[in-house]
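1. Next comes the sequence, and after it the predicted model I'd like to discuss.
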Amino acid sequence: MADEKKIRLIAYLNRDITEILPYLNAVIKGASYNKGASTLTFAKERRLINLYNMKITIAKADDIIDAWHILDEIKILINKTHENRANVKPSYEEKVKVTALQIYGWLPKTNCRSCGEATCLAFACRLLLGEQKLSKCTPLSAEQKFAENKKIMQELAEALGVS
């Protein structure tokens with residue numbers, strides 16, 4: 001269920017950062033890069049961060065001040081990486097560091113079987129492998145209380161290339 005005390009932020013960039021994503025992939029531990037979609041996904045503490053060519057999304061920020069602080073850290077990281085790119089070997093490797101257990105954490109955990117799987121954890125495993133579609137999770141799609149998690153899961157699935 002979405003935490004009503006947390007916020008989600010979408011920041012639009014004034015420059016395309018596609019060319020810097022492979023460098024960021026090399027410097028951010030645990031990042032998941034999708035070259036085809038030009039996205040980089042990583043977690044910072046409990047926050048899920050997605051970098052796109054022209055936008056940044058941050059999920060689960062404590063409040064607007066926390067969101068701005070994280071956004072500022074990301075901006076500094078992007079700028080420093082860009083300035084230092086001559087000393088960084090870009091990584092075009094499409095690393096998937098997100099686990100099924102992490103995906104399970106964003107699911108409703110109802111074990112309703114409407115997706116055809118016995119449990120939500122089994123669904124998370126199959127989703128991560130690209131053997132399931134996010135749209136098959138009926139509670140995530142139908143119940144308003146899961147709307148925030150649905151947005152986060154859609155972004156994550158897109159970034160991982162398993163939507």
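-> Thanks, I have the structure now.

2. so how far is H69 from N50?
-> According to C-beta to C-beta, to the nearest Å, N50 stands 18 Å off from H69. Where C-beta positions appear, they are placed from N, C-alpha and C, glycine not excepted.

3. When those two are compared, which one has more neighbours?
-> N50 (22 against 13; other C-beta atoms under 10 Å).

4. Identify the bridge partners of the more buried one.
-> Note on N50: beta-bridge partners by DSSP bridges are T41, T57.

5. pLDDT at it, what is it?
-> Looking at N50, its pLDDT is 93.

6. Can you show me the helices along this protein?
-> 21-27, 64-83, 100-106, 120-128, 138-142, 147-160 (DSSP state H).

7. so can I have a markdown table of those helices showing mean pLDDT and distance to T41?
-> Converted to a markdown table, the helices of the chain look like this (pLDDT from 0 to 100; distance: least, C-beta to C-beta, whole Å):
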| stretch | mean pLDDT | distance to T41 |
| --- | --- | --- |
| helix 21-27 | 96 | 10 |
| helix 64-83 | 96 | 13 |
| helix 100-106 | 88 | 11 |
| helix 120-128 | 89 | 13 |
| helix 138-142 | 91 | 19 |
| helix 147-160 | 81 | 4 |
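
8. Report the contact partners of the closest residue to S32 other than its chain neighbours.
-> In space, and not counting its chain neighbours, S32 is closest to T41: 4.5 Å by C-beta to C-beta, 6 or more residues apart in numbering. For T41, the contact set (C-beta atoms under 8 Å, 6 or more residues apart in numbering) comprises 31-32, 34, 48-51, 98, 155-156, 159-160.

9. Could you list the domains of the chain?
-> Listed by automatic domain parsing, the domain ranges of the chain are 7-87, 100-160.

10. and of those domains, who's closest to E94?
-> Taking C-beta to C-beta, domain 7-87 is the member of those nearest to E94, at 5.5 Å.

11. Tell me how far that closest one lies from the chain's centre.
-> 10 Å (C-alpha atoms, centre = their mean, to the nearest Å).

12. follow-up on the earlier one: ok, which of the helices of the chain comes nearest K55?
-> Across these (criterion: C-beta to C-beta), the nearest stretch is helix 147-160, sitting at 10.4 Å.

13. As JSON lines, the domains of the chain with distance to E94 would be great.
-> As requested, the domains of the chain are exported to JSON lines (distance: least, C-beta to C-beta, whole Å):
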{"stretch": "domain 7-87", "distance to E94": "6"}
{"stretch": "domain 100-160", "distance to E94": "9"}
